[in-house]
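*Asks:* What follows is a predicted protein model with its sequence.
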Amino acid sequence: MEVLIDSIRRTREILVSTPDTVCLERARLATEGYQRWADEPIPIRRAKTFAHILENMTLDLDTNPFFAGNTSSRPRAWMLLPEYGFNVPNQAIVENPSFEGFLDTIPDELRAFWQGKSVGGGAGIGHLAVNLQRVVSEGLEGIIAEAEAYPPTEYRQAMIIALRAVINWAHRYGTEACRQVPAKPARNLFEALQAIALVHLAIAIEGHGYSVSLAHLDRILLPYYDGAPETTELLAAFMLKITSNSIWGSHSKTQAITLGGLDSKGNDECNPLTLHFLNACDMVRMPDPHIFVRWHEKIDRRVKERAIELLGSGLSMPLLVGDEQTAQGFINARIPPEDAWDYCVIGCNELGIPGKLWDSATGPFIGDPAILREALMSDRSDKSDMSDVLAAVRATMKQHITRGLKNSLGGRDWAAKNVPTPFTSALMDGCIERGSDLHNGAQYSLPVVMERGFTNAVNGLAAVEHNDLTIGELIQALESDFADETVRRKLLNAPKWGNDDDRADKWARVWMDIREEVLREVEAELGCRRHIVQHVIRSLHHIDGSKLGATPDGRRAGTPVADSIGAVAGTAREGPTALLNSVLKLRPAEYWQGGYNLNLTLSPNTVSDKNLLALVDAFFADGGQELQIGCLDADTLRDAKANPEKYPDLLVRIAGFNALFAKLSPAEQDELIARAEGRQA
């Protein structure tokens, strides 16, 4: 065990201390593949290129000597996906400004080749969890046998090429375990973890960016658990393998592991490995992979107490998801209960079903405060009361949703044609049988509408109602970015969402009713599939706000919008219970079937584990859907900002991802300090 503990310590030190660099290997090998097989059908070209990459990439045998597998030639080196372009994600720059221009050194010959060939976006696909249960119990050879049993088609041929490529890649590592897995069924816990690590990293190499998630590892691995004393350490080493060689170096922080939860018969799925994973998370104390615990009234007492202990200690993990509201949301969206109760988290807090339902993250986006601002400014002489404002909101929202749905129609068919991923698709239930890419062959399809800035819109409507300004005066104030501070003060002093105050909270239901009514109306008019709505932010609240003028809640132009569906920092004046009471009015199974994210910041000096447990239990028992708890001390955070060398292990939750505080941008450090102080940033 000492060897394993030393490996964990060494690997973690490497990951914390190694700066981000760029690895060009995959980009060069992908270029060679696209050139060599340019005349092949796209699925075959993609599969052969994938095999070419795996056959020729450098194997990282040193960073984590316990488990094999890597996506780039060295730790924290960005693996590039030129098929999607050479772009640094905007969120990466928000989180770490040094990434601005990080890819400017890409060689001209690579840029020239991919000019006009890249499909754009930069981020790959991701936002999925494959059927890892089948990987460990049958092995990839079993999946190949299924593909070979069907009539041969172009796409099934591509699947077989890609599956065999991963087997050959594993054999390149030369270890005894890699000769067994992932080709054949795992025989023990180590082999099961090794199979999952290799398959997980291969999915990223094939072309998936954010949020390739690991689903229910405590359930999947239970048949291989023998009670060995080193189990926690083994899981810790595995978790470090997942984070050490992911795409985009230290920016990759959304590889979720979901633990526990009820099955469709109402049985608690917590088991000894659930606790081992929580203990491994405490041992590793790294931002990724992040851990979610599914919460319900039957949850194992030891699991809930350990989860609360970790949160109370300031770990900012695990994240918590309410089983009843989440599963019921999928059932309401016509997913059969046996699959709805098998849900997992597949990103920041997006939801999916392993091997069956995934989130393309390419659906239309609703910016709530932008809609409200635009509605107020349209036909400015035609609004004299709240009914006029709401009519304008409805009309503006319909324009936004119609435009968004039209732009996204056919998106999955387009992606399946241009950037198919036959290896990943072979691990999604039904895709082999249908001979289809996961974009159009997955068992369930629930396109997503992404909504952000909900709190700003609710506060904005409350502010419009509760002040003595005319609509014309309010518009003038927004256009001038509150040149008159007294006007802004009136808006800031209006009732605010998150205080269990119905003067503000009633507007949440009004807003959601308008959105739901308009969404169903537009779906019917366009003849498209039913969409579900999710509220996911990560760092996008900074990006959204930077493009948005002043809003009627008193927010100034260019500043971030709300960081979750919770209160804007500094406005939850009645404490955490009142905040949670406001959120409990949202009815997520009806209005947020794709999930929401809620940040709750507490002072570690004023909350005990007992009180925290009571707060969490009550929230989920009364209908809560998701909760991200940060026990943050403002003095500690200020000192960590000034003296980062003293706090190398300080882990914090932002909005959909965790990070080492010392490595965050000043903007996000200041945001967290403001949260801890209970003031607006």
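*Replies:* Done, it's in.

*Asks:* Go through the helix ranked longest in the chain and flag the buried ones.
*Replies:* Looking across the chain with DSSP state H, the single longest helix is helix 502-526. Under the neighbour-count criterion of 16 or more other C-beta atoms under 10 Å, helix 502-526 has 504-508, 511-512, 514-515, 518-519, 522-523 buried. C-beta here means a position set from N, CA and C on the backbone, and glycine is covered the same way.

*Asks:* Report the distance from it to the chain centre.
*Replies:* Its chain's C-alpha centre and that of helix 502-526 lie 25 Å apart, by C-alpha atoms, centre = their mean, to the nearest Å.

*Asks:* hmm, who's touching that helix?
*Replies:* 366, 368, 390, 393-394, 397-398, 401-402, 405-406, 409, 449, 451, 454, 457-459, 461-462, 465-466, 494-498, 529-531, 533, 582, 585-586, 590-591 (C-beta atoms under 8 Å, 6 or more residues apart in numbering).

*Asks:* For that helix, what does the pLDDT average out to?
*Replies:* Here helix 502-526 scores 97 as its mean pLDDT.

*Asks:* Just give the number of residues close to Val389.
*Replies:* A count of nearby residues for Val389, using other C-beta atoms under 10 Å, gives 21.

*Asks:* which residues touch it?
*Replies:* If you count contacts by C-beta under 8 Å, 6+ apart, Val389 has them with 375-376, 383, 461, 464, 471.

*Asks:* try Lys663
*Replies:* Residues in contact with Lys663, defined by C-beta under 8 Å, 6+ apart, are 96, 250.

*Asks:* helix, strand or coil for Lys585?
*Replies:* coil (DSSP: H, G, I helix; E, B strand; the rest coil).

*Asks:* separation between it and Gly566?
*Replies:* 13 Å (C-beta to C-beta, to the nearest Å).

*Asks:* Which one's more surrounded, those two?
*Replies:* More crowded of Lys585 and Gly566, by other C-beta under 10 Å: Gly566, with 28 against 15.

*Asks:* mind checking which helix or strand the residue nearest to Trp248 when sequence neighbours are not counted is in?
*Replies:* Distances taken as C-beta to C-beta, 6 or more residues apart in numbering place Trp78 nearest to Trp248, at 5.3 Å, with adjacent residues excluded. Secondary structure assigned from DSSP states H and E places Trp78 in strand 77-79.

*Asks:* and that strand, what's its mean pLDDT?
*Replies:* For strand 77-79, mean pLDDT is 94.

*Asks:* what comes into contact with the next helix or strand after it?
*Replies:* Downstream of strand 77-79, the next assigned helix or strand under DSSP H and E is helix 90-95. Residues outside helix 90-95 that contact it (C-beta under 8 Å, 6+ apart): 99-100, 102, 248, 251, 538-540, 542-543, 654, 659, 664-665, 667-668.

*Asks:* again, only this time at 6 Å
*Replies:* Taking contacts as C-beta atoms under 6 Å, 6 or more residues apart in numbering, the residues outside helix 90-95 that touch it are 99-100, 251, 538-539, 542-543, 665.

*Asks:* in that helix, what counts as buried?
*Replies:* Per 16+ other C-beta under 10 Å, helix 90-95 contains these buried residues: 90-95.

*Asks:* Toward the C-terminus, what is the element adjacent to it?
*Replies:* Helix 90-95 is succeeded, C-terminally, by helix 108-114 (DSSP H and E).

*Asks:* And for that next one, what's in contact with it?
*Replies:* Contacts for helix 108-114 (C-beta under 6 Å, 6+ apart): 27, 31, 82.

*Asks:* name the helices or strands packed onto the helix or strand just after it?
*Replies:* Remark: after helix 108-114, the chain's next helix or strand is helix 132-149, criterion DSSP H and E. In terms of contacts (3 or more C-beta pairs under 6 Å, 6 or more residues apart in numbering; DSSP states H and E), helix 132-149 is packed against helix 154-173, helix 189-207.

*Asks:* chain center to helix 132-149, what's the gap?
*Replies:* Its chain's C-alpha centre and that of helix 132-149 lie 28 Å apart, by C-alpha atoms, centre = their mean.

*Asks:* mind showing which ranges of the protein have poor pLDDT?
*Replies:* Per-residue confidence for the chain (pLDDT under 70) gives these ranges: 122-123, 245-246, 360-362, 380-383, 680-681.

*Asks:* Outline the domain layout of it.
*Replies:* 2-254, 366-596 (automatic domain parsing).

*Asks:* Pipe these into JSON lines and attach distance to Asn332 per row.
*Replies:* Conversion of these to JSON lines gives the following (distance: least, C-beta to C-beta, whole Å):
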{"stretch": "domain 2-254", "distance to Asn332": "21"}
{"stretch": "domain 366-596", "distance to Asn332": "6"}
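
*Asks:* just so I know, which of these lies nearest Leu615?
*Replies:* Leu615 lies closest to domain 366-596 among the domains of the chain, at 6.7 Å (C-beta to C-beta).

*Asks:* which residue ranges form the strands in the stretch 501-650 of the chain?
*Replies:* Under the criterion DSSP state E, counting those that start in this stretch, the stretch 501-650 of the chain contains strands at 532-534, 599-602, 626-631.

*Asks:* Quick check: which element contains Ile53?
*Replies:* Applying DSSP H and E as the criterion places Ile53 in helix 42-56.

*Asks:* if I pick the residue nearest to Glu350 when sequence neighbours are not counted, what's in contact with it?
*Replies:* Counting by C-beta to C-beta, 6+ apart, Asp359 is the residue found nearest to Glu350 once chain neighbours are left out, at 4.7 Å. Asp359 sits next to 127, 350, 352, 448 when contact means C-beta under 6 Å, 6+ apart.

*Asks:* Surely Asp359 is in a strand?
*Replies:* No - secondary structure of Asp359 (three-state DSSP): coil, not part of a strand.

*Asks:* from what I can see the residue nearest to Trp248 touches His251, true?
*Replies:* No - in this structure Trp78 lies outside contact range of His251 using C-beta atoms under 6 Å: 8.0 Å.

*Asks:* From Ala237, how far off is Leu262?
*Replies:* 30 Å.

*Asks:* Neighbour count for the two, which is higher?
*Replies:* The residue with more neighbours, out of Leu262 and Ala237, is Ala237; 26 against 20, by other C-beta under 10 Å.

*Asks:* Disregarding residues adjacent in the polypeptide, which is nearest to the more buried one?
*Replies:* Phe66 (4.5 Å).

*Asks:* For Gly549, see how far away that neighbour is.
*Replies:* Taking C-beta to C-beta, one finds Phe66 at 53 Å from Gly549.

*Asks:* Neighbour count: these two, which is higher?
*Replies:* The residue with more neighbours, out of Phe66 and Gly549, is Phe66; 19 against 16, by other C-beta under 10 Å.
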